Structures are given as C-alpha cells and as structure tokens.
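# predicted model and sequence below, questions to follow.
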Amino acid sequence: MAPDAQGTRPVAAVTGGARGIGAATARALHRAGMHVAIGDLDGDLARDLASHLGDGVAGFELDVTRRASFEAFLDEAEAALGELDVLVNNAGIMVLGPFVDEDDDTAHRMVDVNVHGVLLGMKLALRRMVPRDRGHVVNLASVAGRFGAPGGATYAATKHAVMGATDAVRGELRHAGSHVRLTAVLPYLADTELGRGTTTRARTFRLLQPEEVADAIADAVRTGREEVWLPRHADLLHRLATASPRPLMEAVTRLLRADRVLEAHDAGAREAYHERAARVAERDAVR
C-alpha cells in the first residue's frame, strides 16, 4: 500500500507490537513507507520502540481484550497519524501443556486474547474502514489454525477460530460489495519469546525468524493476498491432508514429527514466558 496521489502515507496499527513478530512487523511496515501505531500491554515498551523507529511512528498502551482500550488505541492512532488503513491483529499468547491439566483461567485468557481480541479488532477497524470503502485487516493465525497441535489444544482451538472468523467476515464483505480486504497469516513457530522452548525436530520445518513473518505481512498488505502460509510448503501439506483419509494424514504427521512440536516443549525454557503471562492475567483480574 503506497502513498496516495497527494503523497499521504498510509496508516497501520499493530497490536502486540512491542515484541517479537509485532515489533518486526512495525519495522517492516515503516520501511515500506507507512505511518505505524504500535499498541501493546507494555505501553512504555511500545513508546520506546516508536521513539527508536522515528518520525511517523507512535506507541500506545493497549489491552486487546477490553473494548474501551482498543477503541482508545485506534482513536489515538488516527488523531496522531491519520485515518486507519491497515490493522494487524498480532497480539496473542500460547501457554502449553497437557489439555487435562490446563486450568480454566489459562484457557479463558488464551480465548480472550487470541479470539476475542481479534474479533474486537476486526469489528472496530471495519466500522472505520467499510464506510470509507478502503482498508485492510491482517489476522495472525498459525499453522495450528489448520492442524491440531497436541500439547497446545486450546491454543490450536483459538487459531482455528481466527481462521473461521476471517473466512466468514471476508465473505460478508464480498457479499456487500466492499473493497476492504482481509488476510490471514499462518506461520510455523517463530524464534520469539512465544515460540521459545518448542521443539525444532519436525522434519522439513525450522523456526522462523520474526522478520520473515513481518516481511510476509508487509507483502500481503501490498498485494492483497488473502492467505499466507510460512513456510509455503505448509499449505501444500494442508491441502494433501484435507484430501487424504485421516489415518494416512495422521501417519504423515507422525512421519514428519509434526505431532510432537508443541507437546515435546522444554518447560524450563518456557517458564519465564508462562510466568509473565500469569502475571498479566493476575493484574487484569484486579482491575
């Protein structure tokens, strides 16, 4: 999405934008010539990154699970940078472990952030974009959004929900004759705090670098591509799986060791991430 005829730079907002894929995406969109609003639970970190990136970037505190916070973020972004052209729904959490041992608060938190946060972001952004008949919403899903992931059952469920909602809303926009675009991005695990401690022993897969995902997001914003898989061959595997009998699909998954990626995680390596997620949940509970 390039500057318009008057030279006005497009405006993008990135949720969960102070770390990992979100921060890399903010950098990539800024390099592509866009103004960027960075929203994150850690508002200070978002503002620090914005200051580092320079002109045309602003950082704000954002809790994607709270309508008032999300609406204020978009209002402040538009006041500072101009009308919203792109929303990247990146914020998400992944707590791993056996499904039967997962406590209810953890499950609720993942659903709140990964599902309700995306739904809320789409609603609030589309209410701005649809009347203008322009704009683009990018939802971060996961390869787990098309495949079951033992060891991360609730996480996989949330990403399946993101895919279903994206497909359905895209259809609604098409039926309404809208030019607003929706993209779903389905990356394999990335070398970020969220992906730390997961196994890299799956055949034909490796941990992605956050910059790879960010560049793919920036390219989708430029081209309007509706579904982006990283790595690309994951899409082929998905197509083969959906066309195959379940026993064959499961046999191939075992052969690739893809059924152990989340289940065989290093709990020690993920301890700090899980503790931070728990602290955030406790803070929210007392608000």
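Sure thing, it's come through.

# convert stretch 87-107 to CSV, retaining C-alpha atoms only.
Provided in CSV are the C-alpha atoms of stretch 87-107 (Å, rounded to 0.1, in the frame of the first residue of the first chain):
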residue,chain,number,x,y,z
LEU,A,87,-4.9,-3.2,11.2
VAL,A,88,-2.6,-6.1,12.0
ASN,A,89,-4.2,-8.2,14.7
ASN,A,90,-1.0,-9.7,16.0
ALA,A,91,-1.4,-9.9,19.8
GLY,A,92,-1.6,-13.5,21.1
ILE,A,93,-0.5,-15.8,23.8
MET,A,94,0.4,-19.5,23.9
VAL,A,95,0.5,-21.5,27.1
LEU,A,96,1.5,-25.1,26.6
GLY,A,97,0.8,-28.3,28.5
PRO,A,98,-1.5,-31.3,28.6
PHE,A,99,-5.1,-30.3,28.0
VAL,A,100,-6.5,-32.1,31.0
ASP,A,101,-4.1,-30.3,33.3
GLU,A,102,-4.8,-26.8,31.9
ASP,A,103,-6.6,-24.5,34.5
ASP,A,104,-9.7,-22.7,33.5
ASP,A,105,-8.1,-19.2,33.9
THR,A,106,-5.4,-20.1,31.4
ALA,A,107,-7.9,-21.3,28.9
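
# which parts of that stretch are buried?
87-97, 102, 106-107 (16 or more other Cβ atoms under 10 Å). All C-beta atoms are positioned from the backbone trio N, CA, C, and that covers glycine.

# just stretch 60-72 next, same as before
Buried residues in stretch 60-72, counted by 16+ other Cβ under 10 Å: 60-66, 69-70, 72.

# give me the distance between it and the centre of its chain.
16 Å (Cα atoms, centre = their mean, to the nearest Å).

# pull the residues that contact that stretch.
15-16, 37-43, 46-47, 73, 76-77, 89, 91, 112-113, 116-118, 120-121, 124, 284 (Cβ atoms under 8 Å, 6 or more residues apart in numbering).

# same question, stretch 224-234
Contact partners of stretch 224-234, identified using Cβ under 8 Å, 6+ apart, comprise 136, 143, 170, 181-188, 204-205, 208, 212-213, 216-217, 219-220, 235, 238.

# just those residues: which are in strands?
Counting by DSSP state E, the contacts of stretch 224-234 place 136, 181-187 in strands.

# give me the pLDDT value at residue 263.
Residue 263 is assigned a predicted lDDT (pLDDT) of 58.

# and for the one 5 residues further on?
Looking at residue 268, its pLDDT reads 65.

# ok, now residue 230?
90.

# which members of the ones in strands among the contacts of stretch 224-234 are the farthest-apart pair?
Across the ones in strands among the contacts of stretch 224-234, the longest distance by Cβ to Cβ is 19.1 Å; it joins 181 and 187.

# ok, which stretches of the stretch 101-250 of the chain are strands?
136-140, 181-187, 227-230 (DSSP state E, counting those that start in this stretch).

# turn these into CSV, columns for distance to residue 9.
Converted to CSV, the strands of the stretch 101-250 of the chain look like this (distance: least, Cβ to Cβ, whole Å):
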stretch, distance to residue 9
strand 136-140, 15
strand 181-187, 18
strand 227-230, 23
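
# OK, contacts around residue 89?
Residues in contact with residue 89 (Cβ under 8 Å, 6+ apart) are 15, 64, 117-118, 121-122, 137-140.

# so how far is residue 104 from it?
25 Å (Cβ to Cβ, to the nearest Å).

# cool, residue 161 as well?
18 Å.

# do the same with residue 150
In terms of Cβ to Cβ, residue 150 sits 20 Å off from residue 104.

# okay, and which of the buried residues of stretch 60-72 map to helices?
Those of these mapping onto helices are 69-70, 72, per DSSP state H.

# next, format those residues as a markdown table and append distance to residue 155 and pLDDT.
Below are those laid out as a markdown table (distance: Cβ to Cβ, whole Å; pLDDT from 0 to 100):
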| residue | distance to residue 155 | pLDDT |
| --- | --- | --- |
| 69 | 23 | 98 |
| 70 | 22 | 98 |
| 72 | 28 | 98 |
